[in-house]
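> Make a model of this:
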Amino acid sequence: MDELREILEKFARSGWSVIAAPARDWLSGNKDKERLVAALRRADAECGNCGCEFDPLYKRALKLLEQ
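Now for the predicted structure:
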């Protein structure tokens, strides 16, 4: 889960409240998977094709959470 942690750390530093707050909560031990998955799906729907560095990370984080 080191890869997931690295991705969530990036999201936590992003400043975008859609993913930053749920990522920070997860990293601090509040492992609310449903909230995190919902935030990742929303972020992917709203911004998943804009061309930024986060686009592939939404999908990868979701895949890692499914394992």
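> List the contacts of the closest residue to residue 62 other than its chain neighbours.
Closest residue to residue 62 apart from its sequence neighbours, by C-beta to C-beta, 6 or more residues apart in numbering: residue 40 at 5.3 Å. Every residue, glycine included, has its C-beta placed from N, CA and C. If a contact means C-beta atoms under 8 Å, 6 or more residues apart in numbering, then residue 40 has 19, 22, 58, 61, 62, 65 as its contacts.
> Centre of the chain to the helix or strand residue 40 falls within, how far?
Assigned by DSSP states H and E, residue 40 belongs to helix 33-47. Relative to its parent chain, helix 33-47 has a centroid offset of 7 Å by C-alpha atoms, centre = their mean, to the nearest Å.
> Now the phi/psi pair for the residue nearest to residue 55 when sequence neighbours are not counted, please.
Leaving aside its chain neighbours, residue 55 sits nearest to residue 48 (5.4 Å; criterion: C-beta to C-beta, 6+ apart). When read as degrees, to the nearest 10, the backbone of residue 48 gives phi -70, psi 0.
> Contact partners for residue 48?
55, 58, 59.
> swap in residue 32?
Residue 32 makes contact with 22, 25, 26, according to C-beta under 8 Å, 6+ apart.
> Could you look up the SS state of the last one?
If I follow you right, that is residue 26. Classification of residue 26 using DSSP: H, G, I helix; E, B strand; the rest coil returns helix.
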